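Novice: turn this into a model:
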Amino acid sequence: GGAEDSDGKEWEAGDGGDGDPRAKRVAAVPPMLQNVQVTFRVHYLTRGGAQGLGVTGDHECLGQWRSYVPLRAGKDGFWSEAVALPADTRLEWKFILVENGKVTRWEECGNRTLVTEHEDQTVHRWWGYH
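Specialist: Just a heads-up that it's a prediction; the model follows:
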């Protein structure tokens, strides 16, 4: 009798488990945890290969002002990089000039602000201008 009872219970648990996990899976994905791709883009003419550009800010994804995300050089002096940031988040940030891995110049303007939404976006700014 014991084996039959055990088999029956396992079958019932498996059957009931089919319906429940799907409901739980949907509920376990709150929209707050969604990330969006934000592409930071700026035009800046660097001097020599030792110089590069980066973006830093008050969010951990941007280095919390202590480190930075390096931008990649494109054509005609444009620099850009896509960063995954949480949706519906307000953050402050700036472009920086980096030389041999050290920050040598910050944008002279005040901190920039960005509010991420639910769509990927490109933030194209001119150095030092809001």
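Novice: for the rest of this, base every contact and every neighbour count on C-alpha atoms.
Specialist: OK.
Novice: state the distance from Pro86 to Val103.
Specialist: 25 Å (CA to CA, to the nearest Å).
Novice: the more surrounded of those two?
Specialist: Pro86 (21 against 17; other CA atoms under 10 Å).
Novice: distance of that one relative to Glu99?
Specialist: Taking CA to CA, one finds Pro86 at 29 Å from Glu99.
Novice: over to His43?
Specialist: Counting by CA to CA, the gap from His43 to Glu99 is 17 Å.
Novice: ok, Gln34 next?
Specialist: Gln34 is 34 Å from Glu99, by CA to CA.
Novice: check Ser80 too.
Specialist: Ser80 is 17 Å from Glu99, by CA to CA.
Novice: ok, back up a step: neighbour-wise, which of Gln34 and Glu99 wins?
Specialist: Legend: neighbour count by other CA under 10 Å for Gln34 and Glu99, higher for Glu99 (17 against 14).
Novice: what's the nearest residue to that one if we skip its chain neighbours?
Specialist: Distance criterion CA to CA, 6 or more residues apart in numbering; nearest residue to Glu99, sequence neighbours excluded, is Gln51 at 4.4 Å.
Novice: show me what the one helix or strand Val123 maps to is in contact with.
Specialist: If you go by DSSP states H and E, Val123 is part of strand 121-126. The contact list for strand 121-126 (CA atoms under 8 Å, 6 or more residues apart in numbering) reads 36-43.
Novice: list only buried entries from the residues you listed.
Specialist: 36-43 (16 or more other CA atoms under 10 Å).
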